[in-house]
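# here is my input; please provide its structure:
(4 chains)
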Number of protein chains: 4
Amino acid sequence: MSNNGKILNDPIYGLIEIPYGIIYDLMEHRYFQRLRRINQLGFTQYVYPGATHTRFNHTLGALHLMQKAIRTLLAKGIEISPEEAEAASIAILLHDIGHGPFSHCLEYNLLPIEHEELSIAFMEKLNEEFGGRLSLAIRIFKNDYHKKFLHQLLSGQLDMDRMDYLTRDSFFTGVLEGVVGYDRIIKMLNVHNGELVIEHKGLYSVESFLVSRRLMYWQVYLHKTVVCAGEMTIAAIKRARELVKSGTTFNLSKSLNFFLDGAFTKDSLHSDRDSILHHFSRLDDTDILTALKAFGESDDFVLSFLSQSLVSRKLFRVKMQTEPFADDYIASIKEQTMKQFSISAADVKYLVFGGQETNKAYVTGSKEIMIKLPSGEVKPMSEWSEYHIPGREVVKHFVCYPKNLII
Amino acid sequence: MSNNGKILNDPIYGLIEIPYGIIYDLMEHRYFQRLRRINQLGFTQYVYPGATHTRFNHTLGALHLMQKAIRTLLAKGIEISPEEAEAASIAILLHDIGHGPFSHCLEYNLLPIEHEELSIAFMEKLNEEFGGRLSLAIRIFKNDYHKKFLHQLLSGQLDMDRMDYLTRDSFFTGVLEGVVGYDRIIKMLNVHNGELVIEHKGLYSVESFLVSRRLMYWQVYLHKTVVCAGEMTIAAIKRARELVKSGTTFNLSKSLNFFLDGAFTKDSLHSDRDSILHHFSRLDDTDILTALKAFGESDDFVLSFLSQSLVSRKLFRVKMQTEPFADDYIASIKEQTMKQFSISAADVKYLVFGGQETNKAYVTGSKEIMIKLPSGEVKPMSEWSEYHIPGREVVKHFVCYPKNLII
Amino acid sequence: MSNNGKILNDPIYGLIEIPYGIIYDLMEHRYFQRLRRINQLGFTQYVYPGATHTRFNHTLGALHLMQKAIRTLLAKGIEISPEEAEAASIAILLHDIGHGPFSHCLEYNLLPIEHEELSIAFMEKLNEEFGGRLSLAIRIFKNDYHKKFLHQLLSGQLDMDRMDYLTRDSFFTGVLEGVVGYDRIIKMLNVHNGELVIEHKGLYSVESFLVSRRLMYWQVYLHKTVVCAGEMTIAAIKRARELVKSGTTFNLSKSLNFFLDGAFTKDSLHSDRDSILHHFSRLDDTDILTALKAFGESDDFVLSFLSQSLVSRKLFRVKMQTEPFADDYIASIKEQTMKQFSISAADVKYLVFGGQETNKAYVTGSKEIMIKLPSGEVKPMSEWSEYHIPGREVVKHFVCYPKNLII
Amino acid sequence: MSNNGKILNDPIYGLIEIPYGIIYDLMEHRYFQRLRRINQLGFTQYVYPGATHTRFNHTLGALHLMQKAIRTLLAKGIEISPEEAEAASIAILLHDIGHGPFSHCLEYNLLPIEHEELSIAFMEKLNEEFGGRLSLAIRIFKNDYHKKFLHQLLSGQLDMDRMDYLTRDSFFTGVLEGVVGYDRIIKMLNVHNGELVIEHKGLYSVESFLVSRRLMYWQVYLHKTVVCAGEMTIAAIKRARELVKSGTTFNLSKSLNFFLDGAFTKDSLHSDRDSILHHFSRLDDTDILTALKAFGESDDFVLSFLSQSLVSRKLFRVKMQTEPFADDYIASIKEQTMKQFSISAADVKYLVFGGQETNKAYVTGSKEIMIKLPSGEVKPMSEWSEYHIPGREVVKHFVCYPKNLII
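Numbers count the residues shown, from 1 in each chain, chains lettered A, B, ... in the order given. Alright, predicted model coming up:
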């Protein structure tokens, strides 16, 4: 349609444009296409059925907002060269490229390496393929470029990643209260001494954004049933790995097998980069889902019970509360589980598990949101006279166990 | 279409149904039809051009939400008889019937009587016409009925009035962050000891609702330009009244003239009910707007200047800040205005005016939002462990003066 | 916020930008601000209560779409100079400036001059004020400029006026089926030999657009109750004029009186331009609405009956059908009306009136929508192999008469 | 929340309620939960990235609309017993339960049995499990119940299935023009002589619905790139089956292997019901997607080329036109493909394939939409005087072949 870019329909933003050239080419790359098969929110659709959107959708949305933000800053006279604009766009396009299946849920469970590190590894690999044309993007991504605001547009308390995911997750889950005024916030961005700031007139929108984010955390991302499904998935994968290591074979994809069977450390990405990237780039939600279906037919009771429960959405019971659970309460659940399901003390950890979730609505200190007053002066948001965002970290404890336990 | 009610299209809720019978008949009454000519937000459309919706739209929306709330409570086993349901519906349909032109802006300036009192007077008048069929509605409206929750659905911190106006004003102004999860909040309503409570699972939605409301106050209702236009309107009406009382005649509608020329006290509604209601029921925004156009041609400079400025949206300059303005700063503005526009010390109050706006995000004390915990226990929201709604009243001071003043 | 333009919130398009300079100055002009007081759809809100939006809202929306269309065409390499872009923007901003109160409904009834002619007269007046800077806009508006596509963006079967009003009227009435894919259609615009064409890939969107437009005509614009309210308004104004001419005085605004009392021909705009523009620019919906309220207290039964009915929305009965009504049927209604209301044969035309409404979904011939095929060839839409838009004009006949007539 | 049903958030309809009891239990059944893993539109997200919604989402939406339709008909006095209402709800909940992976695309390619037949088989299986409580639902589904309108709400030109899928697919693809006025159409439904009819006032909405549907067919469902991806998937599966049958083994899920390796006829569902249902109920999109990834590493060039292309979205070139392609044109493409890819004449059918797609906007004859006139008379829509829906079947021919073919 246009001569300048590919036009795509987005259910939220309408028609969006992917500029032809390296950005389009990266979107077409199989590394990026893989994100189509990684759900943005894993099993969250077990609670909010509409949440079927993917990392692919989110990343294109974040790219769209990055382009808006850059246009806004340019219109305000901020200097951003075409190369910098392209690099920031590349960086946001690829910021989630290192996410694996079930994103945050299985992060660290398949491989003891954070997704940002994997993102960098993929970017560097692509940089080799594209003849060094991603170098500036990588520097911005690593916050290794003097115009700090470009990195802050990617990663900070008001970055385009958050703007899109809150907007998108709110839209697809149907949680209206999660809506954020991304459009207005973007219009209010500015730069001061090379750092991203928000103009004073945008303060109420930012406050609302932070409260929406808090709501999305407790209502969606850390919803107790979502947490439970996630923990069950982790337990299934851990159990499967244990069995694989002890010699059991399953009908798994080769790449999933690679990660279950292998032994990885934080260093593996350096020592064994190419085979890790090779297999990681072949892995997505479908490997896990077909594995769970296969596990459901395993002779191992623990694994088949967890897997069948997950596949058919027969989730465990979950309790979540602000106070920690008493040790003897947990002990009694474990005991009853061992008895009722005839499993060993070593195995009960796969059927009874707990932990805590934390969320902080706003981070003060060096990463604070900075406000630009009408006077031109810049000060941290927490010094705003009407400020009331809770900085306190909220902690919630949870415990999950099989549904029909008699306790 | 249906046999049970009139189907109307609402841009927000889609098809809504007005039950045939007394509710439909009241909607058709000329007292109620008058609300079509009263903008919900007065001159707010001078800042948010989309805000052209009327009290008529709002009231039908609030009625729709009331019906949803009643259905939800009935499904939870709360006892509400058909008569009570109808009475609560009538009460919300008529809750704004006593609003005059420009609603809150001119309230008290045309007549020293609050709109709720006028609403009651109109309801009583209609009760006579409808043979006493509004008696229960009036009792509920006056909080004079033992099922307190019915009144609280009309008027309280989580009433259907607020649910609709925040939703509607956010929609028409385009201020996305003002969106509230009315649907979810309504689903979470319950009744405990005859009082409205919210179930624990709705807490984040209520928090988000309170923050959205705060945002709407400062971003929309008390936006400095909106405040300025409102104060200018009040100044024009006061000036016109002064001139009318001193014998000047204008080309005004008979009913507007009645209020400008008359002398009213808080008691007038009792001493002179019928003529007040007669004229008030003939008054709407169009009387004020045509009056302003006529005032624009007045020989009185103050009145014509204010009126032309309003009609053509050449609004005064307005400053708004959290600290009070220094007396000598105001004095210097007044002096300069007198000099520059050659007006007297007595008249300068019509061209330079200030005041303060206040808003409280949440009211603690006897009117608090009550939470129903999973245990069945009920406690005030401010005792919720994660509570952080600011209870402090925010005050902002403003001053308005002609735009081209050389100061 | 931006340095380049004023940012406004639109409930449909989100944040839109009005470029500073002449476009912003024209928007701020009192001629244009008057459009805030002219409802886009007159009494249509008597059927679709949400339809409270104004000509002001519509025109800003059309301007926004014009800017999108120009950006799209520029991106396709079409030559449009900054001066041409500005002129086309000015032309669409002012295309409705000649609309009077109740737009199409009272057009020709206050003054025998079409609104386009009045728009041109206002543009020329503004051109004098703005030192000739509107000259090119006026040429484009009059289709007197060699780049025909600029005029076609204003006025044609796919113009930005229609794109906005269908989108906007659908949104505010809540008639979902009226939604048009304006975004996609604009992306598909192109220019061939100086004329606007649509690329082949946009054909289904255009077909859907034409069907939506047809639906909006019969479901909204020509809805029988809307037609009835419009005809009643015309009858009231005609009756009032008759009485004014015969010496009755009403409490009317000076400018409305000017039009009711005066004698105008098609030539008046030339012979008497300045006083016509003076008074017309002071006239809006509020003059008519306050007049109707005043008329309601008239001694003349016909006028007071019509006016009270309109103000309280006690509309006449209306019948609408595809066949013409039989003469004797109309005659019997008139006779019964005369008898029942004791009015003369001369006056019955004010209480019983009929007519016909017509609509054509698509106009073939010289003004056809032209399709650009992938081959580059351009041909009229009606030659598209899958074409099925009905070109036939649909005619509907209606008759209106007082509600309680015993017939 | 409610005592009557489970409340779920739907991005389109807001909060929807699934009644507790058999409907809720069926939704919780693993047969139904499987639909979470079947995308509503298969690879359509390769063209419209937002289209990630599933059969699960669609079916719950259709259930919601069915409940609305039933409430509307009940309010109009149509007799529907609670048992009938429940049965109709069950029938729509399960209408797609027989869909396999990639829905329509692979239908008939895994198994020569239509999805409706499989739906019935699953319903009968569930009927056994639920002690006969689905019997009435099955009769309605099979159109074997005297109240024909209950079946027509499931399957007909205005059924709730279409209402939801058009609404939903339009929403998720972002194709605005596909929006249908489902709410208004449902309000206009009525029953005449046991058959579903639409009231006259709903005609324009129905016309718009039919045009939207036509647009969705050509713009989305039969979009040439969507067709191409679908045909490539079919080719890959056919090729894989050929290889499996000739002894090649792949790392496939057991259930997918069952269908690739087995030999089925139309009768298999009777002769071998239980094992077919067993394996079919374990099959979903993830089996196909992981299979395609595994196929990508096959030694067979044809299979690995097709599969890698699909997984990385390197789709074949596709041409679509209203005229059939000339035989020699196809022959030359095949020849060139054989040469360039060194494949045999027997294998070229997997890399060059064509066919035709057809769509009819409206079906006349015995299944016509029936209109209820204000007189009470009922007649087919095609006799409506303003009727213009094209009844003609549109046929489009397509051919797909590898992208870099030099022709």
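# how far off centre is stretch A:7-24?
From the chain centre to the centre of stretch A:7-24 is a distance of 22 Å (CA atoms, centre = their mean, to the nearest Å).
# gap between the two ends of it?
This stretch, stretch A:7-24, spans 11 Å end to end (CA to CA, to the nearest Å).
# now check that stretch, is it near chain C?
Yes - Stretch A:7-24 reaches chain C (CB under 8 Å from any CB of the partner chain) through A:7, A:14, A:15. (C-beta placed from N, C-alpha, C; glycine too.)
# smallest gap between the stretch 201-350 of chain A and chain C, at which residue?
residue A:201 (7.2 Å; CB to the nearest CB).
# hang on, isn't that residue packed against residue A:188?
Yes - counting by CB atoms under 8 Å, residue A:201 touches residue A:188, with 6.2 Å between them.
# higher neighbour count, those two?
Neighbours per residue (other CB atoms under 10 Å in any protein chain shown) separate residue A:201 from residue A:188, with residue A:188 holding more: 23 against 14.
# measure how buried the residue nearest to that one when sequence neighbours are not counted is and give me the count.
Beyond its immediate neighbours in the sequence, the residue positioned closest to residue A:188 (CB to CB, 6 or more residues apart in numbering or on different chains) is residue A:202, lying 3.0 Å away. Residue crowding around residue A:202 was assessed by other CB under 10 Å; the count is 24.
# now do the contacts for residue A:202.
Residues touching residue A:202, when contacts are defined by CB atoms under 8 Å, 6 or more residues apart in numbering or on different chains, comprise A:184, A:185, A:187, A:188.
# who's in contact with the residue lying closest to residue A:160 once chain neighbours are set aside?
Once its chain neighbours are removed from consideration, residue A:160 has its nearest residue in residue A:65; the separation is 4.3 Å (CB to CB, 6+ apart). For residue A:65, the residues meeting the contact criterion (CB under 8 Å, 6+ apart) are A:160, A:163, A:164, A:182, A:186.
# in what helix or strand does residue A:65 lie?
Element membership of residue A:65 [criterion: DSSP states H and E] is helix A:55-75.
# next SSE downstream of that helix?
Elements were assigned by DSSP H and E; along the chain past helix A:55-75, the next helix or strand is helix A:82-93.
# and that following helix, does that touch chain D?
No - for a cut-off given as CB under 8 Å from any CB, helix A:82-93 has no contacts with chain D; the smallest distance is 13.6 Å.
# flag every buried residue along that helix.
Burial within helix A:82-93, assessed by neighbour count using 16 or more other CB atoms under 10 Å in any protein chain shown, is assigned to A:84, A:85, A:86, A:87, A:88, A:89, A:90, A:91, A:92, A:93.
# also stretch A:266-273?
Residues A:268, A:269 are the ones in stretch A:266-273 that count as buried (16+ other CB under 10 Å).
# and stretch A:323-331, by the same measure?
Along stretch A:323-331, the positions that meet the burial threshold by neighbour count (16+ other CB under 10 Å) are A:325, A:330.
# do the same with stretch A:117-126
Of the residues in stretch A:117-126, those buried under the neighbour-count criterion (16+ other CB under 10 Å) are A:118, A:119, A:120, A:121, A:122, A:123, A:125, A:126.
# average pLDDT for that stretch?
Model confidence over stretch A:117-126 averages 97 on the pLDDT scale.
# stretch A:136-149 now?
Averaged across stretch A:136-149, the pLDDT comes to 98.
# just stretch A:258-268 next, same as before
If you average the pLDDT over stretch A:258-268, you get 93.
# do the same with stretch A:382-394
For stretch A:382-394, the mean confidence score works out to 75.
# and that stretch, end to end?
18 Å.
# now swap in stretch A:109-121 and tell me
Between the opening and closing residues of stretch A:109-121 there is a gap of 18 Å (CA to CA).
# so what touches it?
The set of residues external to stretch A:109-121 that reach it, using CB under 8 Å, 6+ apart, is A:94-101, A:103-104, A:107-108, A:138, A:141-142, A:234, A:237-238, A:259-260, A:264-266, A:268-269, A:273, A:276-277, A:280, A:283.
# check those residues one by one and keep those near chain D.
Near chain D, by the rule CB under 8 Å from any CB, you find none of the contacts of stretch A:109-121.
# quick one, which of the residues you listed are buried?
Restricting these to buried positions leaves A:94-101, A:103, A:107, A:138, A:141, A:234, A:237-238, A:259-260, A:264, A:268-269, A:276-277, A:280, A:283, with burial counted as 16+ other CB under 10 Å.
# residue A:140: what's it in contact with?
With contacts taken as CB under 8 Å, 6+ apart, residue A:140 has the following neighbours: A:84, A:87, A:88, A:91, A:150, A:151, A:154.
# export those to CSV and tack on distance to residue A:56?
Written out in CSV, the entries for those read as follows (distance: CB to CB, whole Å):
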residue, distance to residue A:56
A:84, 25
A:87, 21
A:88, 20
A:91, 17
A:150, 23
A:151, 23
A:154, 18
